[in-house]
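Undergrad: below: sequence and its predicted model.
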Amino acid sequence: MSAAVIRKVFRLVFPKGYTFLTWQAVVLFIVVWEAGAFLTPGWPSLFRDIAQVWARNFQDPGFVQALAGSARRMAIGYGLVVLLGVSVGIVLGRLKYVDQLLGSLAVAVHAIPGAAWVPLSILWFGMTEQAVIFTILLGAAGIVIVETDTGIREVPPLIGRAARTLGARGLNYFWFVVVPAAIPKIVGGLRLAWAFGWRALMAGELLTSVNGLGQRLNQVAKAQQLDQLLALMLLVAAIGIVVDGMIFKRLEYEVRIRWGLV
């Protein structure tokens, strides 16, 4: 396969925000992994062992159901993160006194790792799916609130002066000037929230009885199945990278182009 064909395939998955060096880094990772498999007894090969585990897993209805369950919980949790994070961030950015009162609370929520919310979620909701979704919400909403608030408060003064010169005042100024100017910052927060939420999902499923990829990780770790464990870890990482590249990185890049930041 020629380098030109590889670049075309790469561009279908990753936007211009990624460089071709990313692909080279993937190749380097594969080479190092395979060298480790060759030199270390018991370490599984990507192409021989991990690929076979993936093939068996995707033919297993139970595994497909677990993967679909994780995707559904992530979609619900992330939807709540977007709704709560953006709306609260806008309120904090709009109302100075509310920001002074609750802004530090949002930072505190963001500072707590998603896994640390799992015991509280279990205490309130039990070993249920709702506990996992609540963990995603608390683990990822903080960064969206903080980034939205910051984006609204840090609108360039030149934009504000130009809008006021043209007659923008009050709510019209806020909704049609301030909020659009903050969108690049908001999109950046949403991208980070995806990563935090994905980690919180895995932590929640690891520690609850909910059927998902996290629970599968827990099961194979207890069974000391190294190839299964590494295959699941690589799958979790691959899903995170692909979703980030195909959706959030692309969206962030397009927004930055539209707003003249690139």
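TA: Right, received. Where do you want to start?
Undergrad: mind listing the strands for the stretch 1-150 of the chain?
TA: In the stretch 1-150 of the chain, no segments count as strands under DSSP state E, counting those that start in this stretch.
Undergrad: doesn't residue 95 make contact with residue 174?
TA: No - at 10.7 Å, residue 174 and residue 95 do not qualify as touching, with contact defined as CB atoms under 8 Å. C-beta coordinates here come from the backbone N, C-alpha and C atoms, glycine included.
Undergrad: of those two, who's got more company?
TA: Ranked by neighbour count (other CB atoms under 10 Å), residue 174 and residue 95 place residue 174 first, with 16 against 12.
Undergrad: point out where this protein drops to low pLDDT.
TA: Within the chain, the ranges that satisfy pLDDT under 70 run 1-22, 168.
Undergrad: now the helices for it?
TA: In the chain, helices defined by DSSP state H lie at 3-13, 20-39, 51-58, 61-94, 96-111, 118-125, 129-153, 157-165, 170-173, 179-207, 213-222, 226-243, 250-258, listed in chain order.
Undergrad: residue 45 is nearest to which of those?
TA: Checking the helices of the chain against residue 45 by CB to CB gives helix 20-39 as the closest, at 4.3 Å.
Undergrad: show me what the closest one is packed up against.
TA: helix 3-13 (3 or more CB pairs under 8 Å, 6 or more residues apart in numbering; DSSP states H and E).
Undergrad: Throw the helices of the chain into a markdown table and include distance to residue 45 and mean neighbour count, thanks.
TA: Converted to a markdown table, the helices of the chain look like this (distance: least, CB to CB, whole Å; neighbours: other CB atoms under 10 Å):
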| stretch | distance to residue 45 | mean neighbour count |
| --- | --- | --- |
| helix 3-13 | 22 | 11 |
| helix 20-39 | 4 | 12 |
| helix 51-58 | 8 | 14 |
| helix 61-94 | 21 | 18 |
| helix 96-111 | 40 | 14 |
| helix 118-125 | 34 | 16 |
| helix 129-153 | 33 | 25 |
| helix 157-165 | 55 | 12 |
| helix 170-173 | 60 | 11 |
| helix 179-207 | 25 | 22 |
| helix 213-222 | 18 | 19 |
| helix 226-243 | 9 | 17 |
| helix 250-258 | 32 | 15 |
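Undergrad: residues contacting residue 138?
TA: 109, 112, 114, 117, 120-121, 200 (CB atoms under 8 Å, 6 or more residues apart in numbering).
Undergrad: closest one to residue 128 out of those, please.
TA: residue 121 (9.0 Å).
Undergrad: please report how far the closest one lies from residue 204.
TA: Residue 121 sits 7 Å away from residue 204 when distances are taken as CB to CB, to the nearest Å.
Undergrad: same question, residue 58
TA: Residue 58 is 23 Å from residue 204, where distance means CB to CB.
Undergrad: now swap in residue 66 and tell me
TA: Applying CB to CB, one obtains 14 Å for the distance of residue 66 from residue 204.
Undergrad: what's the span of stretch 205-217, first residue to last?
TA: Start to finish, the residues bounding stretch 205-217 are 9 Å apart (CA to CA, to the nearest Å).
Undergrad: equivalent analysis for stretch 116-131, please.
TA: Separation of the first and last residues of stretch 116-131 by CA to CA is 13 Å.
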